[in-house]
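Participant: Return a 3D structure for these sequence lines:
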Amino acid sequence: MADKRKGDENTYVIHPEYKNKFRPGPTREIIRDVLQSKLDKATYSMETTQLLTKQVADDIKDRLKELNLPRYKIVVQVSIGEQKGQGVRMGTRCFWDGDTDSYASEMYCNESLFCVATAYGVYLY
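Facilitator: Have a look, this model is predicted:
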């Protein structure tokens, strides 16, 4: 078998190389680009928001996979709500290794909706 399977990767590598670490800065830029391109002309609709949320999350995840970060699990969470001038508080907690794992988050608002997208990069030992 010439092709290398994911399960065949070296398991003794416990930290990524510096150049292969998950970086919040470039990740935040990718999230911002996707949110602007997908939501710029979007309006909130209860019927279509579920599909829009999935599309935004999938687009962010696909763009982040292009960074080719070996052994990182990418998790993307997107929340979209109706913009009516109300306040919203969101929080998250994670149990992870502070040396290898990280996250990036961006918020987008227009007249009709708000969106919060967070991408987590978790290194698989």
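
Participant: Tell me the secondary structure at Y103.
Facilitator: Taking DSSP: H, G, I helix; E, B strand; the rest coil as the rule, one finds Y103 in the strand state.

Participant: what about it, how many neighbours?
Facilitator: 18 (other CB atoms under 10 Å). Where C-beta positions appear, they are placed from N, C-alpha and C, glycine not excepted.

Participant: Repeat that for F114.
Facilitator: F114 has 18 nearby residues by other CB under 10 Å.

Participant: Same check on L51?
Facilitator: 10.

Participant: Which stretches in the chain count as strands?
Facilitator: 72-82, 102-109, 113-123 (DSSP state E).

Participant: Can you list the neighbours in contact with stretch 60-68?
Facilitator: Residues outside stretch 60-68 that contact it (CB atoms under 8 Å, 6 or more residues apart in numbering) are P26, T27, I30, I31, D33, V34, I74, V76, V78, A117, A119, G121.

Participant: Just read off the phi/psi values of the nearest residue to the last one once chain neighbours are set aside.
Facilitator: Using CB to CB, 6 or more residues apart in numbering and skipping residues adjacent in sequence, the residue nearest G121 is F22, 3.0 Å away. Backbone geometry at F22, expressed as degrees, to the nearest 10, gives phi -70, psi 120.

Participant: Quick check: pLDDT value at F22.
Facilitator: pLDDT for F22: 97.

Participant: how about the helices in the protein?
Facilitator: Assigned by DSSP state H, the chain shows helices spanning 24-39, 49-65.

Participant: got any ranges where the chain has weak pLDDT?
Facilitator: Residue ranges of the chain with pLDDT under 70: 1-11.

Participant: what's the residue closest to the geometric middle of it?
Facilitator: A119 (2.5 Å; CA atoms, centre = their mean).

Participant: and the residue nearest to that residue when sequence neighbours are not counted, what does it touch?
Facilitator: Using CB to CB, 6+ apart and skipping the chain neighbours, the partner closest in space to A119 is V76 (5.0 Å). Neighbouring residues of V76 by CB under 8 Å, 6+ apart: A57, I60, K61, L64, A117, T118, A119, Y120.
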